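[1] predicted model and sequence follow; I will ask about them next.
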Amino acid sequence: MKLATLARVAVAIRPPKLLVHLPSMHRPISILSRQITMDAKTVASRLTSSGLLRTQGLIGGKWSDAYDGKTIEVFNPATGEVIANVPCMGHKETSDAISSAHDAFNSWSKTTAAERSKYLRRWYDLIISHKEELGQLITLEQGKPLKEAMGEVSYGASFIEFFAEEAKRVYGDIIQSTLADRRLFVLKQPVGVVGAITPWNFPLAMITRKVGPALACGCTVVIKPSELTPLTALAAAELALQAGIPLGVVNVVMGNASDIGDALLASPQVRKITFTGSTAVGKKLMAGAAGTVKKVSLELGGNAPCIVFDDADLDVAVKGALAAKFRNSGQTCVCANRIIVQEGIYEKFANAFSKAVQTLQVGHGFSDGVAQGPLINEAAVQKVESFIKDAISKGAKVVLGGKRHSLGMTFYEPTVISDVKSEMLISREEVFGPVAPLLRFKTEEEAIRIANDTTSGLAAYLFTNSIQRSWRVSEALEYGLVGINEGIISTEVAPFGGVKQSGLGREGSKYGMDEYLEFFKRIDSDDD
Ligand code: NAP
């Protein structure tokens, strides 16, 4: 069996819904930092006075400004307003954060698994008890609808809970010795200080998916969130402090990405880099890690195929493809990037799918009923526009949408385009926006060939009512994750990660622990 098929998540039944019931807003008005704008204040007035709106980095347990006083603005993508100013940190602050993490490692790595488990459990409980405020922060700085943001909080917290439990299950091994008077043992020990670099599309979950297992194993971390969404990361760090996690175990720096990245890469004290983001930056980090021979985990970009066979249940396929494509306005690494439909069901699927897409309400993430928020910034909209222009120039047709939304800013109409071909830009690279390209195929072999015709290998989806086909095709797909008759495939209990240029290593599940452990061999002799 190929490696690509070993770590599959073949989900034939629907997992728990990612979208959750939204409790009423009943929290008291908080006192906000002076950097917060009036508009953001209106929204943020729903936050508690629990001090979650942090606007400084965290180094050795102390909230810190940039040493030269420089700041960067954090924007609300739905309105363009500045929400807050956060420090623009660089090499010096990162070096201090690494030193703090290194000092803290000495004691944290010696705590018992049971102690670390309790700290993580407290952190999890605090995240859940502040679910509403964290969801609001995510919507505020990232734009996704509040319901979806609250779903991210549950999903993000699930990694802390899972790894709180998994901390207690790090076992070694005893190996039969080749010599009678020797005993061989394998001990698993924490890697050391971890540099965790995360993107803006899941401001909480991409952090907890790394920091949960790192802390569970006894590692300490320096987190670098995206400059676009640092507030959620800082709120999570504040809750880690409130959970009593010792000072210096969790550090957060943000600002000049390449300066911070270079400092993490150059330091011999940092023993592991874990990164989620674009393939281009991932490659740079992988090359940079060679200088000090660090462990590297990379969760990179995707180009997910979503294959709909003639024998699929139409309703299931439409619902699944809709979820796989339009979650987070198409801004996820596992978003269906190419919807590949067999000719016998193509017209029926295209009609039903377009009707479903038409119902998606676009708007500010805080408005009721909204399913599609803004894109993260103007560059993201321009990328979508250029991909559509390229597709149309090569013969694709716009079925629905295909332009900026009348709301202005970075809102884009949910879009369906047909007659898409493999040579178009939109088939070759991730569009990272609310655009569903439809491609047509005749045979199963052709579908597999089209699906695998990419350098990416993160997620794939297939819709069929044939059990034999689902096994056959899922094993032929060169993807780390395959959803069968299901559009939502992420869960903390199964390994998440890509093959080919979509990355290295796995996050979540028991396999996610090994990424933060070294395996040491010990030899014990009978001799005195
Ligand atoms: P990105 O531009 O690669 O940024 C990701 C992170 O890397 C950000 O924190 C960014 O900082 C930082 N960064 C940029 N240049 C750096 C450098 N030279 N050294 C160190 N750090 C650097 O990606 P993005 O646009 O934020 O995220 C979207 C991408 O992430 C998509 O390709 C998506 O598919 C991928 N993604 C993958 C997964 C997965 O699990 N496989 C999950 C989510 C997203 P600043 O933002 O501050 O510049």
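    It's in.
[2] the residue nearest the centre of the chain: what's it in contact with?
    In the chain, the centroid-proximal residue (C-alpha atoms, centre = their mean) is M206; its distance is 4.0 Å. Contact analysis of M206 by C-beta atoms under 8 Å, 6 or more residues apart in numbering lists T198, P199, T276, E299. No exception for glycine: its C-beta is placed from N, CA and C like everyone else's.
[3] strands - which of those residues land there?
    Within the contacts of M206, residues falling in strands by DSSP state E are T276, E299.
[4] and of the contacts of M206, the nearest to A235?
    T198 (14.0 Å; C-beta to C-beta).
[5] residues in contact with the closest one?
    Applying C-beta under 8 Å, 6+ apart to T198 gives the contacts M206, I207, K210, I223, K224, P225, S226, A233, F275, T276, G277.
[6] the first one: which element?
    So that's M206. M206 is part of helix 205-217, with elements assigned from DSSP states H and E.
[7] next, the angle from the helix or strand that that helix is followed by to helix 205-217.
    Sequence-wise, the next helix or strand downstream of helix 205-217 (DSSP H and E) is strand 220-224. On the basis of axes from the mean of the first three to the mean of the last three C-alpha atoms, to 10 degrees, strand 220-224 is oriented at 170 degrees to helix 205-217.
[8] sheet partners, orientation included, of strand 220-224?
    strand 193-197 (parallel), strand 250-252 (parallel) (DSSP bridges).
[9] how far off centre is the next helix or strand after it?
    Downstream of strand 220-224, the next assigned helix or strand under DSSP H and E is helix 230-242. Put simply, helix 230-242 sits 17 Å off its chain's centre (C-alpha atoms, centre = their mean, to the nearest Å).
[10] which of the helices and strands in this structure ranks last by mean pLDDT?
    Every helix and strand of the chain was ranked by mean pLDDT, DSSP states H and E. The lowest is helix 3-6, at a mean of 34.
[11] which residue does the stretch 51-200 of the chain bring closest to the ligand?
    Here the stretch 51-200 of the chain gets closest to the ligand at one residue, P199, 3.2 Å apart by C-beta to the nearest ligand atom.
[12] tell me the confidence at the closest residue to that residue other than its chain neighbours?
    Sequence neighbours aside, G277 is the residue nearest to P199 in space, at 4.5 Å (criterion: C-beta to C-beta, 6 or more residues apart in numbering). For G277, the model assigns a pLDDT of 98.
[13] now swap in Q35 and tell me
    38.
[14] what of H26?
    30.
[15] now do the one 3 residues further on
    At I29, the pLDDT value in this model is 27.
[16] N377 is in contact with Y412, isn't it?
    No. N377 lies out of contact with Y412 (C-beta atoms under 8 Å); the separation is 11.9 Å.
[17] the two: which is more packed in?
    Y412 (26 against 17; other C-beta atoms under 10 Å).
[18] in the sheet, who's paired with the more buried one?
    Assigned bridge partners for Y412, using DSSP bridges, are R404.
[19] got a list of what it touches?
    S329, P374, L375, V381, V384, G401, K403, R404, H405, G433, P434.
[20] look at the first one and say how many residues are nearby.
    Around S329 there are 31 other residues, counting by other C-beta under 10 Å.
[21] my read: it touches V381, true?
    No. Using C-beta under 8 Å, S329 makes no contact with V381, being 10.7 Å away.
[22] which residues are in contact with each of those two?
    With C-beta under 8 Å, 6+ apart as the test, S329 and V381 both reach L375, Y412, G433.
[23] got the residues of this structure near the ligand?
    Selection of the chain residues close to the ligand by C-beta under 6 Å from any ligand atom yields 197-202, 206, 224, 226-228, 257-258, 261, 276-278, 281, 284, 299-302, 333, 430, 458, 498, 503.
[24] of these, buried ones?
    197-202, 206, 224, 226-228, 261, 276-277, 281, 284, 299-302, 333, 430, 458, 498, 503 (16 or more other C-beta atoms under 10 Å).
[25] need the longest helix for this protein.
    helix 146-166 (DSSP state H).
[26] show the average pLDDT along that helix.
    pLDDT averaged over helix 146-166 gives 98.
[27] and that helix, how far out from the chain's middle?
    That offset, for helix 146-166, works out to 12 Å (C-alpha atoms, centre = their mean).
[28] and it, what's buried?
    Buried, per 16+ other C-beta under 10 Å, within helix 146-166: 146-164, 166.
[29] so L504 sits right up against K295, yeah?
    No. Judged on C-beta under 8 Å, L504 makes no contact with K295 at a distance of 9.7 Å.
[30] tell me which residues touch the residue of the stretch 51-200 of the chain closest to the ligand, please.
    M206, S226, T276, G277, S278.
[31] nearest to F441, of the residues you listed?
    S278 (28.7 Å).
[32] wait, isn't that closest one in contact with L300?
    Yes. Judged on C-beta under 8 Å, S278 makes contact with L300 at a distance of 6.7 Å.
[33] could you confirm S474 falls within a helix?
    Yes. Assessed by DSSP: H, G, I helix; E, B strand; the rest coil, S474 belongs to a helix.
[34] where does the residue lying closest to it once chain neighbours are set aside fall, secondary structure wise?
    In space, and not counting its chain neighbours, S474 is closest to V482: 4.5 Å by C-beta to C-beta, 6+ apart. For V482, the element it lies in under DSSP H and E is strand 481-484.
[35] packing partners for that strand?
    Judged by 3 or more C-beta pairs under 8 Å, 6 or more residues apart in numbering; DSSP states H and E, strand 481-484 is in contact with strand 459-463, helix 467-476.
[36] the same query, at a cut-off of 10 Å, please.
    helix 3-6, strand 304-308, helix 314-326, strand 459-463, helix 467-476 (3 or more C-beta pairs under 10 Å, 6 or more residues apart in numbering; DSSP states H and E).
[37] reformat those as a markdown table; add mean neighbour count.
    Formatted as a markdown table, these follow (neighbours: other C-beta atoms under 10 Å):
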| stretch | mean neighbour count |
| --- | --- |
| helix 3-6 | 14 |
| strand 304-308 | 28 |
| helix 314-326 | 22 |
| strand 459-463 | 30 |
| helix 467-476 | 16 |
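[38] ok, which of the ones you listed comes nearest S64?
    strand 459-463 (37.8 Å).
[39] can you check what angle separates that closest one from strand 304-308?
    10 degrees.
[40] hey, C-alpha coordinates of strand 459-463 in CSV?
    Taking Å, rounded to 0.1, in the frame of the first residue of the first chain, the C-alpha atoms of strand 459-463 are listed here in CSV:
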residue,chain,number,x,y,z
ALA,A,459,-7.2,16.7,0.4
ALA,A,460,-9.6,15.0,-2.1
TYR,A,461,-13.3,14.3,-2.1
LEU,A,462,-15.3,11.7,-4.0
PHE,A,463,-19.0,11.1,-4.3
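[41] angle of it against helix 314-326?
    Using the same axes, to 10 degrees: strand 459-463 against helix 314-326 is 160 degrees.
[42] which ones are touching A380?
    Residues in contact with A380 (C-beta atoms under 10 Å, 6 or more residues apart in numbering) are P77, W200, S329, G330, Q331, P374, T410, Y412, V431, F432, G433.
[43] could those go into CSV alongside secondary structure and pLDDT?
    Listed next are the contacts of A380 as CSV, based on DSSP: H, G, I helix; E, B strand; the rest coil; pLDDT from 0 to 100:
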residue, secondary structure, pLDDT
P77, coil, 97
W200, coil, 98
S329, helix, 98
G330, helix, 98
Q331, coil, 98
P374, coil, 98
T410, coil, 97
Y412, strand, 98
V431, coil, 98
F432, coil, 98
G433, coil, 98
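[44] please enumerate the strands of the stretch 301-450 of the chain.
    Using DSSP state E, counting those that start in this stretch, the strands assigned to the stretch 301-450 of the chain run over residues 304-308, 336-342, 397-400, 415-418, 435-441.
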